[in-house]
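J.: sequence first, then the predicted structure:
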Amino acid sequence: MRFDLFTLLPEVFQPYLSSSILQRAASNNLIEVRIHDIRAWTYDKHHITDDAPYGGGGGMVMKPEPVFAAVESVLGVPPSCQVILMTPQGRTFTQKVAQELSNLPHLALLCGRYEGIDERIRRHLVTDEISIGDYVLTGGELPALAIIDAVTRLIPGALGDPDGAQDDSHASGLLEYPHYTRPPVFREWAVPEVLLSGNHAQINRWRREQSLLHTLRRRPDLLASAELSASDRKFLAQVDHEPASSGSE
Ligand code: ADE
């Protein structure tokens, strides 16, 4: 999958992209990330990419010319792939959106800076707008990295374990079950016995119940759209009447 990143801060991406899983995915040709400095498409002496807003008010606005020139010279007219603007006004990025994007062969991510971007960029260049949450960052670079990271780990072969992304929190609409590793007892806190039993049917059942319990206690809103079996529903109905501290949560 190819990502084209358009940014005014090209230097911030490389350290994270060189981290283990993303670096490995790139070396294995599963992803290719091309970083484009929007400033390279300015033709004035001072390489200006922003200007004051028409109508007055504070802050600066990203100018349309360098952004159109950058995207169109890399991706053609009209652009050959989706152009996603990172903005707190976009649709919320979720695991489902990550899954949707991971099926595409090519994506362009446009990182806004300053207080805003000229509306003509949004209307005539951008094809989708994504927010990573209801808070405002100083630019779209961290959101773009979050998207590349979440999408890459869904590409088959990107994680060492072929089933790696299957049990993730949110993958099935539920939060993930808790994990334990050696030692079996640490500071008198023992690993739940069932995990040492070797009984995989029981282990799977315990994990499913823990997933349901965590989701019920922490993110009950997720249960409405999760895929639940009859026995999941029975379990939830039963624990819902117990106090929050009960169960092996
Ligand atoms: N740019 C600034 N804040 C953002 C957010 N929450 N999501 C995406 N892009 C942003």
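T.: Arrived safely. Numbers count the residues shown, from 1 in each chain.
J.: gap between stretch 183-200 and the chain center?
T.: Once both centres are worked out by C-alpha atoms, centre = their mean, to the nearest Å, stretch 183-200 turns out to sit 33 Å from its chain's centre.
J.: average pLDDT for it?
T.: The average pLDDT within stretch 183-200 is 98.
J.: ends of that stretch, how far apart?
T.: 20 Å (C-alpha to C-alpha, to the nearest Å).
J.: for the longest helix along the chain, which outside residues touch it?
T.: Scanning the chain for the longest helix, with DSSP state H as the assignment, gives helix 200-218. Outside of helix 200-218, the residues within contact range by C-beta atoms under 8 Å, 6 or more residues apart in numbering are 172, 174-178, 192, 194-195, 197, 222-223, 226, 228, 232, 235-236, 239-240, 244, 247-249. All C-beta spots, glycine's among them, are computed from the backbone N, C-alpha and C.
J.: buried residues in that helix?
T.: 203, 206, 207, 208, 209, 210, 211, 212, 213, 214, 215, 216 (16 or more other C-beta atoms under 10 Å).
J.: check stretch 23-38 too.
T.: 24, 25, 26, 31, 33, 35, 36, 37, 38.
J.: in contact with the second one, which residues?
T.: So the one you mean is residue 25. 31, 152, 155, 157, 158.
J.: in what helix or strand does the closest residue to the fourth one other than its chain neighbours lie?
T.: The spatial neighbour of residue 157 that comes closest, neighbours along the chain excluded (C-beta to C-beta, 6 or more residues apart in numbering), is residue 30 at 5.8 Å. Element membership of residue 30, judged by DSSP states H and E, is empty: it is in no helix or strand.
J.: and residue 30, how far from the ligand?
T.: 24 Å (C-beta to the nearest ligand atom, to the nearest Å).
J.: other SSEs contacting the longest strand anywhere in the chain?
T.: As assigned by DSSP state E, the longest strand anywhere in the chain is strand 82-92. The contact analysis (3 or more C-beta pairs under 8 Å, 6 or more residues apart in numbering; DSSP states H and E) places strand 82-92 against strand 106-111, strand 128-131, helix 141-152.
J.: deepest-packed of the ones you listed, please.
T.: strand 106-111 (a mean of 23; mean count of other C-beta atoms under 10 Å).
J.: other residues contacting that one?
T.: 1-9, 67, 71, 74-75, 79-86, 101, 121, 125-126, 139-141, 143-144, 147-148, 151.
J.: filter these to the buried ones?
T.: 1, 3-9, 67, 71, 75, 79, 81, 83-86, 101, 121, 125-126, 139-141, 143-144, 147-148, 151.
J.: ok, back up a step: what's the farthest-apart pair in the buried residues of helix 200-218?
T.: 203 and 216 (20.3 Å; C-beta to C-beta).
J.: quick check, residue 104 in contact with residue 81.
T.: Yes - Residue 104 lies in contact with residue 81 (C-beta atoms under 8 Å); the separation is 7.3 Å.
J.: which non-adjacent residue is nearest residue 68?
T.: residue 125 (5.9 Å).
J.: residues in contact with the one you found?
T.: Residues in contact with residue 125 (C-beta under 8 Å, 6+ apart) are 67, 68, 71, 79, 83, 110.
J.: ok, now with 10 Å
T.: Counting by C-beta atoms under 10 Å, 6 or more residues apart in numbering, residue 125 touches 64, 67-68, 71-72, 75, 77-79, 83, 85, 108, 110, 117-118.
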